[in-house]
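1. Sequence and predicted structure are below.
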Amino acid sequence: MSDYKVVKRPEWRSSLADRIYLLAIVKGMWITLRHFFRPKWTMQYPEERWVVREGYRGSPVLAWNRETEREKCVSCLLCMYVCPAEAIYIEPGESEATDPLERRPDIFDLAMTRCIYCGFCEEVCPKEAIVMSDEYELSEYARGSLIREKERLLELGKDWQARAGKW
């Protein structure tokens, strides 16, 4: 006695239309012609730019205080601790301001190769010193230039504040 059962399959019979593939060809041409006359979504990139909406999270930049002509960062290190990708590195230093308790970062490095654009650094900052800009063009020719130092982040922050009209 065998443990398996033989199943008889019905013999496949195709119609004449299935055998000549005429209906499939006509259906495919109909889909092609229907898409051919729809409006195009292609953008000519360098000449045309995306208009980003409010709330878009681009690359993080450092904000600049216009009244004191200094960066807003006070080296509280909260953004460094909250960053899930560990993309931010800060070394606090002494400030040259009149308040001896006030600190400024000596080194503020942001590794754009590690940043996941989550916005946690912006949310946790008590002084609104680090903000997410609307920059979406993040390509560079060298990998080392994707580690942005404090001066570069402040420069990008000044440009972004002037465009956005913030502070």
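-> Nice, thanks for sending it over.
2. which strand of the chain spans the most residues?
-> Criterion DSSP state E: the longest strand present in the chain is strand 103-111.
3. continuing past that strand, what's the next helix or strand?
-> With elements assigned by DSSP states H and E, the helix or strand that comes after strand 103-111 is helix 120-124.
4. What is the subsequent helix or strand relative to that following helix?
-> strand 130-132.
5. in that following strand, what's buried?
-> Ile130, Val131, Met132 (16 or more other CB atoms under 10 Å). The way it works is simple: take the backbone N, C-alpha and C, and place the C-beta from them, glycine included.
6. hey, where'd the strands end up in this structure?
-> 60-62, 64-65, 70-71, 88-94, 103-111, 130-132, 147-148.
7. could the ones you listed go into TSV alongside distance to Leu77 and mean pLDDT?
-> Output for the strands of the chain, formatted as TSV (distance: least, CB to CB, whole Å; pLDDT from 0 to 100):
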stretch	distance to Leu77	mean pLDDT
strand 60-62	14	94
strand 64-65	19	86
strand 70-71	15	84
strand 88-94	6	91
strand 103-111	9	92
strand 130-132	12	92
strand 147-148	18	94
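8. winner for burial among those strands?
-> strand 60-62 (a mean of 26; mean count of other CB atoms under 10 Å).
9. Okay, now the sheet partners of that one, with direction.
-> Pairing partners of strand 60-62, with direction, according to DSSP bridges: strand 130-132 (antiparallel).
10. Okay, now stretch 36-46: how far is its last residue from its first?
-> In terms of CA to CA, to the nearest Å, the two terminal residues of stretch 36-46 are separated by 25 Å.
11. ranges for the helices of this structure?
-> Using DSSP state H, the helices found in the chain span residues 16-20, 22-36, 78-82, 120-124, 150-164.
12. what distance separates the third one from the centre of its chain?
-> When you say that, I think you mean helix 78-82. Its chain's C-alpha centre and that of helix 78-82 lie 19 Å apart, by CA atoms, centre = their mean, to the nearest Å.
13. any weak-confidence spans in this protein?
-> Within the chain, the segments meeting pLDDT under 70 span 1-2, 13, 17-18, 95-101, 166-167.
14. thinking again about what came up before, between the strands of the chain, which one is nearest to Arg53?
-> Across the strands of the chain, Arg53 has its closest neighbour in strand 130-132 (12.8 Å, CB to CB).
15. Asp106 touches Glu91, doesn't it?
-> Yes - the pair Asp106 / Glu91 is scored as a contact, 4.9 Å apart, by CB atoms under 8 Å.
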